[in-house]
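Peer 1: Below is the structure, and that's it, no one-letter string:
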């Protein structure tokens, strides 16, 4: 259903300057999206790794806000690098890269330049970096940044708030691990804030989409599971929210990602009741977008389209997405066509 930008990918690792001379930009991943000061902005997850040294594995982490590097022999028997994203050393988990958020701006929504802002991990709960930011724009002028805070304590949703993109108020981790994919609705419902989120079940349960509510953005409760994975389907292994749901005449449209049993990530839609967001009215039977191009099928992690952010102009929705966990791309679709594809 989506028409990809003709100049995809619009941002690649080679176009981004590392934050330090001893680091390499390994991947650019799914950005938060918003309009500010007459421009389109992307808050991109930039994943970096230490420069390689032959025979060594070098693992980055933050300690007291300062980047440190754990240096281990590649043949160390206590080292497990079977997953390129997550390493284990002496039974302790680490990430192979460390991520921060970097701002890019565009006058036309297609060609982007570095806007000079970087947000990095702060404190013990963000010592492995911050990832996958969603940006919700409220009517009162606040921008809500929900992202994944990563540390040896696990994955948990963090929240920072700004009005001017110069000063930020941190609210810390707003839901306990393991949880991610938090997208706060841009409109209150019956006086409360609502969010989509994705706690992770280990033995019982799974990677499902939940909804919670809050009176003040700090205290969240009333959590309910609204969508589960579907055996044999394109979203059989895990699902998670994209950006804040889009208000439409039919309901609130949430674009979400789903992975199958081969870890192939595609996109679909959930239609929620605008007065009762715990109620799902319809859902995608088939993906509305799936990895088809070379840049979506081959990268750091193959066969991935993953979106955290979109812009809406009338019936047109423009998504900005990470492809193969490597590059940033854009695509456009008709909202009415997406809505027409959903099934109760």
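Peer 2: Yes, it's here. On a predicted model such as this, the values are computed, not experimentally measured, just so you know. Residues are numbered from 1 along each chain as shown.

Peer 1: In this structure, where's the longest strand?
Peer 2: When the chain is parsed with DSSP state E, its longest strand is strand 23-36.

Peer 1: Any buried residues in that one, and which?
Peer 2: Across strand 23-36, burial judged by 16 or more other C-beta atoms under 10 Å covers 23, 25-34, 36. Where you see a C-beta, it was placed from the backbone N, CA and C, and this is true even at glycine.

Peer 1: what number of residues lie near residue 108?
Peer 2: The burial count assigned to residue 108 is 8, neighbours taken as other C-beta atoms under 10 Å.

Peer 1: how close does it get to residue 44?
Peer 2: Going from residue 108 to residue 44 by C-beta to C-beta, to the nearest Å gives 17 Å.

Peer 1: can you check residue 284 too?
Peer 2: Residue 284 sits 26 Å away from residue 44, taking C-beta to C-beta as the criterion.

Peer 1: So between the two, which is more surrounded?
Peer 2: The neighbour count for residue 284 versus residue 44, taken as other C-beta under 10 Å, is higher for residue 44 (28 against 22).

Peer 1: partner residues bridging that one?
Peer 2: According to DSSP bridges, the partner residues bridging residue 44 are residue 102.

Peer 1: which stretches of this structure form helices?
Peer 2: Using DSSP state H, the helices of the chain run over 294-297, 335-341.

Peer 1: any chance of the buried residues of strand 23-36 in CSV, plus distance to residue 297?
Peer 2: Listed next are the buried residues of strand 23-36 as CSV, based on distance: C-beta to C-beta, whole Å:
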residue, distance to residue 297
23, 27
25, 21
26, 18
27, 15
28, 17
29, 16
30, 17
31, 20
32, 25
33, 23
34, 29
36, 33
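
Peer 1: Go through those residues and name the one nearest residue 309.
Peer 2: Distance to residue 309 across the buried residues of strand 23-36 (C-beta to C-beta) is lowest for residue 33, with 2.9 Å.

Peer 1: Which residue comes closest to the closest one once chain neighbours are left out?
Peer 2: residue 309 (2.9 Å; C-beta to C-beta, 6 or more residues apart in numbering).

Peer 1: how many neighbours does the one you found have?
Peer 2: When neighbours are defined as other C-beta under 10 Å, residue 309 has 26 of them.

Peer 1: In contact with residue 299, which residues?
Peer 2: Neighbouring residues of residue 299 by C-beta atoms under 8 Å, 6 or more residues apart in numbering: 27, 323-327.

Peer 1: For residue 69, state which of the buried residues of strand 23-36 is nearest.
Peer 2: Nearest to residue 69 out of the buried residues of strand 23-36 is residue 23 (C-beta to C-beta; 9.4 Å).

Peer 1: What's the separation between that closest one and residue 6?
Peer 2: Using C-beta to C-beta, one gets 32 Å for the distance from residue 23 to residue 6.

Peer 1: swap in residue 258?
Peer 2: Distance, residue 258 to residue 6, using C-beta to C-beta: 27 Å.

Peer 1: if I look at residue 238, how far off is residue 118?
Peer 2: As judged by C-beta to C-beta, residue 238 and residue 118 stand 29 Å apart.

Peer 1: Compare those two and say which is more crowded by neighbours.
Peer 2: Neighbour count, other C-beta under 10 Å: between residue 238 and residue 118, residue 238 has more, with 19 against 12.

Peer 1: Bridge partners for that one, pull those for me.
Peer 2: Beta-bridge partners of residue 238, counted by DSSP bridges, are residue 207, residue 259.
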